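*Asks:* everything below, folded, please.
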Amino acid sequence: QVQLVESGGGLVQAGGSLRLSCAASGSIFSIDAMGWYRQAPGKQRELVATISSAGSTNYVDSVKGRFTISRDNAKNTVYLQMNSLKPEDTAVYYCNARVRRTTTPLLMYEYWGQGTQVTVSS
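*Replies:* Now for the predicted structure:
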């Protein structure tokens, strides 16, 4: 199996920064795209940013210029650097990865982390 473990959430004042990390472990053959999603209370989960195995990135418009997604393929880890945080960024942030397992390298599976709370106070 494969596990995604997130860390780095917390409480920060508006204008502050946080860095989220998500490490994948288990029977990993390779990881394709990795990404971050978030879900605020009463709202649907939304895509925040994604990064391909080659490093191509994509961001939702509301975070462009403030958030940066990156990954360390050797460590199977994805990061989200969040700067200039706003109260509307408050949400549970979830890590996502599309993984090929060692036992079935031709098949791709999608995994989610448990979520980490980010709270931005005004």
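*Asks:* what score does R101 have for pLDDT?
*Replies:* Note for R101: predicted pLDDT of 95.
*Asks:* go ahead and confirm it touches Y109.
*Replies:* Yes - when contacts are counted by Cβ atoms under 8 Å, R101 is listed as touching Y109 (6.5 Å). All C-beta atoms are positioned from the backbone trio N, CA, C, and that covers glycine.
*Asks:* compare these two (neighbour count), which wins?
*Replies:* Higher neighbour count among R101 and Y109: R101, with 18 against 12, using other Cβ atoms under 10 Å.
*Asks:* that older thread, give the residues shared as contacts by R101 and Y109.
*Replies:* Common contact partners of R101 and Y109 (Cβ atoms under 8 Å, 6 or more residues apart in numbering): V2.
*Asks:* could I get the pLDDT score of the residue nearest in space to the middle of the chain?
*Replies:* Central residue of the chain (Cα atoms, centre = their mean): W36, 2.8 Å from the mean position. As predicted, W36 sits at a pLDDT of 98.
*Asks:* how close does it sit to M108?
*Replies:* To M108, W36 is 19 Å away according to Cβ to Cβ, to the nearest Å.
*Asks:* again with A49
*Replies:* Relative to M108, and taking Cβ to Cβ, A49 is found at 20 Å.
*Asks:* which of those two has more residues huddled nearby?
*Replies:* A49 (22 against 15).
*Asks:* in which helix or strand would I find that one?
*Replies:* strand 46-51 (DSSP states H and E).
*Asks:* gap between the residue lying closest to Q13 once chain neighbours are set aside and V63?
*Replies:* Leaving aside its sequence neighbours, Q13 sits nearest to S121 (Cβ to Cβ, 6 or more residues apart in numbering; 5.4 Å). Per Cβ to Cβ, S121 is found 18 Å from V63.
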